[in-house]
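Enquirer: This is a predicted model, with the sequence first.
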Amino acid sequence: MTARVDQSAGGQPTERHGYDALLEATARHPFVRFEVSPQRAGTWWQAPGAVAFRRESERHGSSYVLLGDDRGVGALLEHLPALERHEGTVSGPRGTFSVTLPQHLEPQLRQHARVSSGGDWEWLATETVPPASAGGGRSDAVVPLDDVGRRDEVAAFLAAHSPTADAGPGSGEEWYAIGTPTGELAAVAAFARTPAGAPHLVSVAVDGALRGAGLGRRIVGALTRLAVVEHGVCTLALYSTNGAARHLYLSLGYANRCAWASRAVHLTTVG
């Protein structure tokens with residue numbers, strides 16, 4: 001998705017300050033509203049049609065995010081090394097830092113910098129309450145899960161059925177589950193919080209032997225309802241290769257707001 005970003009004067013990136021100004025510059029883009037910590041928007045940068053700001057992720061650390069139209073993001077890419085040196089916040093070994101930008105512009109990043117590891121992912125959000133039928137019935141109720149008391153069981157369940165889960169038991173998330181008639185786990189999911197404080201759905205997992213029975217839809221629907229009713233929004237992220245999950249989330253009212261490429265970047269530019 002191409003974000004509409006207000007134009008800044010001139011062709012050079014302009015140093016800007018403050019979360020309110022970032023919201024205004026991005027026309028209150030949902031990713032900024034629900035994902036970006038106001039504390040990380042103390043200093044950010046604007047080129048005609050695009051912005052660059054810092055984002056914090058508990059799992060993946062700090063990253064520059066480039067948001068806007070293709071020309072504006074391209075202009076920011078040309079100046080990323082200078083911006084990073086100006087801030088003096090290189091956190092990785094040998095002068096590396098992370099960049100997140102629209103997936104289709106990842107080849108342009110490689111034209112300006114030496115790129116190593118990374119991944120492609122998508123950020124979805126909904127402000128719409130799913131229908132009550134998405135939350136399951138009496139025989140498959142979604143109930144709170146004691147992830148501390150059942151830590152080993154939850155960890156083993158995730159290892160078997162969702163090894164790339166973003167969060168594990170006992171790390172502060174709010175966990176829910178669907179159980180089997182014998183009390184074992186059939187599906188789990190949890191709420192984390194984005195840096196902006198919005199509910200963020202993580203670690204959705206369904207027993208592989210029970211897939212196709214609608215358990216994923218039931219637990220995601222129930223947690224989404226809870227988040228939107230109480231907080232007005234629910235967000236999530238998924239790997240771009242996970243087409244089945246994308247289909248599920250879109251069917252429950254989520255909108256695919258951003259398709260990101262995140263890459264480790266070395267300050268030595270190519271050219």
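Expert: That came in fine, so what should we check first?
Enquirer: Send me the lowest-mean-pLDDT helix or strand in the chain as CSV with only the CA atoms.
Expert: One helix or strand of the chain scores below all others by mean pLDDT, DSSP states H and E: helix 70-87, with a mean of 81. Backbone C-alpha positions of helix 70-87 (Å, rounded to 0.1, in the frame of the first residue of the first chain) are rendered in CSV as follows:
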residue,chain,number,x,y,z
ASP,A,70,8.0,5.7,-4.3
ARG,A,71,9.9,8.8,-5.2
GLY,A,72,10.0,10.1,-1.7
VAL,A,73,11.2,6.8,-0.2
GLY,A,74,13.9,6.7,-2.9
ALA,A,75,15.1,10.2,-1.9
LEU,A,76,15.3,9.0,1.7
LEU,A,77,17.3,6.0,0.7
GLU,A,78,19.9,8.1,-0.8
HIS,A,79,20.4,9.9,2.5
LEU,A,80,20.0,7.0,5.0
PRO,A,81,23.7,6.7,5.9
ALA,A,82,24.0,10.4,6.6
LEU,A,83,20.8,10.4,8.7
GLU,A,84,22.1,7.4,10.7
ARG,A,85,25.5,9.0,11.3
HIS,A,86,23.7,12.2,12.3
GLU,A,87,21.7,10.5,15.0
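Enquirer: What's the separation between residue 46 and residue 82?
Expert: 14 Å (Cβ to Cβ, to the nearest Å). All C-beta atoms are positioned from the backbone trio N, CA, C, and that covers glycine.
Enquirer: So the two - more neighbours on which side?
Expert: residue 46 (27 against 13; other Cβ atoms under 10 Å).
Enquirer: partner residues bridging the more buried one?
Expert: residue 14, residue 51 (DSSP bridges).
Enquirer: one step back: so how far is the next helix-or-strand element following the least confident helix or strand of the chain off the chain centroid?
Expert: Later in the chain than helix 70-87, the nearest helix or strand by DSSP states H and E is strand 96-102. Offset of strand 96-102 from its chain centre (Cα atoms, centre = their mean, to the nearest Å): 14 Å.
Enquirer: cool, stretch 146-164 as well?
Expert: 22 Å.
Enquirer: Ok, stretch 167-180 next?
Expert: 19 Å.
Enquirer: middle-most residue in this protein, spatially?
Expert: Taking Cα atoms, centre = their mean, the centroid of the chain lies closest to residue 237, which sits 4.2 Å from it.
Enquirer: and that residue, what helix or strand is that in?
Expert: strand 234-239.
Enquirer: mean confidence for that strand?
Expert: Averaging pLDDT along strand 234-239 gives 96.
Enquirer: ok, the residue nearest to the centre of the chain - contacts?
Expert: Contacts for residue 237 (Cβ atoms under 8 Å, 6 or more residues apart in numbering) come out as 121, 122, 123, 124, 166, 200.
Enquirer: Okay, angle between the strand or helix carrying the last one and strand 234-239 too, please.
Expert: Secondary-structure assignment from DSSP H and E places residue 200 in strand 199-206. Inter-element angle recorded for strand 199-206 and strand 234-239: 50 degrees (by axes from the mean of the first three to the mean of the last three Cα atoms, to 10 degrees).
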